[in-house]
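Chemist: need coordinates for the following:
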Amino acid sequence: MINKWTDAEIAMLRNNILPEGRTLYSANNKAFRLGISFCPVTKKSFKAQRAQAAYVTGSVIRELQKTGKVRATARMYGISYTTVMDIARKAGIQVNPDSVAKRNETIVFEGRNYAWHDSGYYWRCTTGKRESLARLIYERAHGPINGRMIVTFKDGNKYNLDVENLVCMTPNEQSRKRYAEDPLYRAQCLAALALGRLNTQINETIDPELKKKRMEKMWNSRRAKNG
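Modeler: Coordinates of the predicted model:
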């Protein structure tokens, strides 16, 4: 005989609590059918999370010791910049020596001070509107550019502010260029695409009306495009 789920047990699912006498497998299935986001913290999952965290921490420390690059390491392991900096500080690792030195430097351009920012650009640090020094140098050489355009570096070195090293492009063009040249960024894009498709499939399984609306929108778009 199949034991029916009581209202109290369903309420426990909504609070991420595994009801007594229910298996994790059956709870996940029930939560999926009801459209509940169920993420229980059991002793087993907690140990697994701690083991995973220890593995990631060790990998981050080895990567920092080898390269000393915080942002690249954060992107590699899918964690935040702050988390990597905390790991480096606790392990006593000197990271981003060039960036640390750059923070103490300022460049004077047209009577205004521009300081190095952790985002990887020189920004105006005096009062008033914050401006990118690379963008300003490009505009002085080639004239004003559209507000949606961005200025990037041909050789990828954001310290090289030579006019010949600056190029103006749209965000879409920059994304395509990075997709073609950066394997890690390409993998992140493909993973995000797969996750989006999976979320769409799950949502449409829970609510079939969403699929009807999506198909209707797609066909209306095609009709409008084909006239």
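
Chemist: pLDDT below threshold where in this protein?
Modeler: 1-2, 40-52, 96-104, 117-121, 123-129, 227 (pLDDT under 70).

Chemist: what's the following helix or strand after the helix or strand A194 falls within?
Modeler: Assigned by DSSP states H and E, A194 belongs to helix 183-206. Beyond helix 183-206 on the C-terminal side, the first helix or strand identified by DSSP H and E is helix 208-226.

Chemist: quick one: that next one to helix 183-206, angle?
Modeler: Helix 208-226 runs at 120 degrees relative to helix 183-206, counting by axes from the mean of the first three to the mean of the last three Cα atoms, to 10 degrees.

Chemist: give me the helices and strands touching helix 208-226, please.
Modeler: Contacts defined by 3 or more Cβ pairs under 8 Å, 6 or more residues apart in numbering; DSSP states H and E place helix 208-226 against helix 183-206. Using the backbone N, CA and C atoms, a C-beta is placed for each residue, glycine as well.

Chemist: quick one: buried residues of the helix it packs on?
Modeler: For helix 183-206, burial by neighbour count (16 or more other Cβ atoms under 10 Å) applies to E204.

Chemist: how far off centre is that helix?
Modeler: Relative to the centre of its chain, helix 183-206 is centred 13 Å away, using Cα atoms, centre = their mean, to the nearest Å.

Chemist: dump that helix to PDB, keeping only the CA atoms.
Modeler: C-alpha atoms of helix 183-206 as PDB (Å, rounded to 0.1, in the frame of the first residue of the first chain):
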ATOM      1  CA  PRO A 183      38.200  28.200 -23.600                       C
ATOM      2  CA  LEU A 184      37.100  28.700 -20.000                       C
ATOM      3  CA  TYR A 185      34.600  31.400 -21.000                       C
ATOM      4  CA  ARG A 186      33.300  29.200 -23.800                       C
ATOM      5  CA  ALA A 187      32.800  26.400 -21.300                       C
ATOM      6  CA  GLN A 188      30.900  28.700 -18.900                       C
ATOM      7  CA  CYS A 189      28.600  29.900 -21.700                       C
ATOM      8  CA  LEU A 190      27.800  26.300 -22.800                       C
ATOM      9  CA  ALA A 191      27.100  25.300 -19.200                       C
ATOM     10  CA  ALA A 192      24.800  28.300 -18.700                       C
ATOM     11  CA  LEU A 193      23.000  27.400 -21.900                       C
ATOM     12  CA  ALA A 194      22.500  23.800 -20.800                       C
ATOM     13  CA  LEU A 195      21.300  24.900 -17.400                       C
ATOM     14  CA  GLY A 196      18.800  27.400 -18.900                       C
ATOM     15  CA  ARG A 197      17.400  24.600 -21.100                       C
ATOM     16  CA  LEU A 198      17.100  22.300 -18.200                       C
ATOM     17  CA  ASN A 199      15.300  24.900 -16.100                       C
ATOM     18  CA  THR A 200      12.900  25.500 -19.000                       C
ATOM     19  CA  GLN A 201      12.200  21.800 -19.300                       C
ATOM     20  CA  ILE A 202      11.500  21.400 -15.600                       C
ATOM     21  CA  ASN A 203       9.300  24.500 -15.400                       C
ATOM     22  CA  GLU A 204       7.300  23.300 -18.500                       C
ATOM     23  CA  THR A 205       6.900  19.900 -17.000                       C
ATOM     24  CA  ILE A 206       5.400  21.400 -13.900                       C
END
